[in-house]
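J.: structure, please.
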Amino acid sequence: MGGRAEIAAMIAHEVRGPVSTIRGLAGTALSHYDRLTDDERRELLDLIEQESRRLLATVTQASTALKVDASTVSYDIRTNDLGTAVREGIAAADVGTHPITADLAEGLFDLDRRWIVEAVRQLLDNAAKFSPPEAPIHVATRLEDDGATIEVVDQGPGIPAERRDDVFDKYPNWRPDGYEQVAGSGLGLFLVRGIVHAHHGEVGIVDVPGGGTMLRVRIPRIHVEG
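T.: Predicted coordinates for the structure are as follows:
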């Protein structure tokens, strides 16, 4: 219950910002509507839409984290194409102006497609938040006899060794230098770890030559009937 209380407190903290912004923007639009040009009205509506999406993403992520923390997520592990699942995760991610390169192995693997898509999306969202604007992000998959590997590589500042366990916590309370004000709940990598553990796998951080971070997911091959 303590972990879920932390998540609930985080939700209250994270939604306050976008809710206040939406309220302020809507108030401005209502108070000055007749004096605003069409372009100004459109700009206000665009800002409200952006903040609404941010609010929805925060609530959705926190809701999922509560289920992961309570071990109430239902997994439907069956044979799927790994490359297709990872490609769907890439398409679902909000990476802004970051170009994505991919080297995806195609092949059948036992996994829950929906949740692997979600894990890849969270990995990419995290990489985009903590790397310079327009810096490329690379995604790779490999299929081997004993399992599958998914790697996401960014060109951010990296994660020091003493922080590498912390970033997978429910509420890490840490940001790299220069990224202290990045918005977000901090739950993304916590969700990834929960999803990967449900597949009997592990997720970890690997140094990248020249700087940056590689998040590597390793899932063992476990045959599932059905």
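J.: tell me which element the one residue sitting closest to the centre of the chain falls in.
T.: Nearest to the geometric centre of the chain sits Gln122, at 2.1 Å (CA atoms, centre = their mean). Assigned by DSSP states H and E, Gln122 falls within helix 113-129.
J.: hey, where'd the strands end up in the protein?
T.: For the chain, the strands defined by DSSP state E cover 78-81, 100-103, 108-111, 137-144, 147-154, 202-207, 213-220.
J.: quick one: average pLDDT of the fifth one?
T.: Pointing back at strand 147-154 there. Averaged over strand 147-154, pLDDT sits at 96.
J.: next one: the second one
T.: Within the predicted structure, the mean pLDDT of strand 100-103 is 96.
J.: any idea how far that strand is from the middle of the chain?
T.: 17 Å (CA atoms, centre = their mean, to the nearest Å).
J.: switch to numbering from 764
T.: Got it, the first residue is 764 from now on, which makes the last one we talked about strand 863-866.
J.: what helices and strands are in contact with it?
T.: Of the remaining helices and strands, those touching strand 863-866 by 3 or more CB pairs under 8 Å, 6 or more residues apart in numbering; DSSP states H and E are helix 845-855, strand 900-907. Yep, even glycine has a C-beta here, placed from its N, CA and C like the rest.
J.: and the fourth one, by the same measure?
T.: Counting contacts by 3+ CB pairs under 8 Å, 6+ apart, strand 900-907 is packed against helix 845-855, strand 863-866, helix 876-892, strand 910-917.
J.: roughly how far does the residue lying closest to Thr842 once chain neighbours are set aside sit from Arg816?
T.: For Thr842, ignoring the flanking residues on the chain, the nearest one in space by CB to CB, 6 or more residues apart in numbering is Leu871 at 5.2 Å. Distance of Leu871 to Arg816, computed by CB to CB, to the nearest Å: 35 Å.
J.: repeat for Val955
T.: From Val955 to Arg816 the distance is 21 Å (CB to CB).
J.: before we move on, what about Asp873?
T.: Distance from Asp873 to Arg816, by CB to CB: 34 Å.
J.: again, but for Val966
T.: Counting by CB to CB, the gap from Val966 to Arg816 is 27 Å.
J.: Arg841 now?
T.: 32 Å.
J.: TSV please, covering the strands of the chain and showing mean neighbour count.
T.: Shown next, in TSV, are those (neighbours: other CB atoms under 10 Å):
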stretch	mean neighbour count
strand 841-844	15
strand 863-866	12
strand 871-874	20
strand 900-907	18
strand 910-917	21
strand 965-970	15
strand 976-983	19
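J.: now tabulate the ones you listed in a markdown table and tack on distance to Leu810.
T.: Formatted as a markdown table, these follow (distance: least, CB to CB, whole Å):
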| stretch | distance to Leu810 |
| --- | --- |
| strand 841-844 | 39 |
| strand 863-866 | 27 |
| strand 871-874 | 39 |
| strand 900-907 | 27 |
| strand 910-917 | 28 |
| strand 965-970 | 35 |
| strand 976-983 | 31 |
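J.: right, I'll call it a day here.
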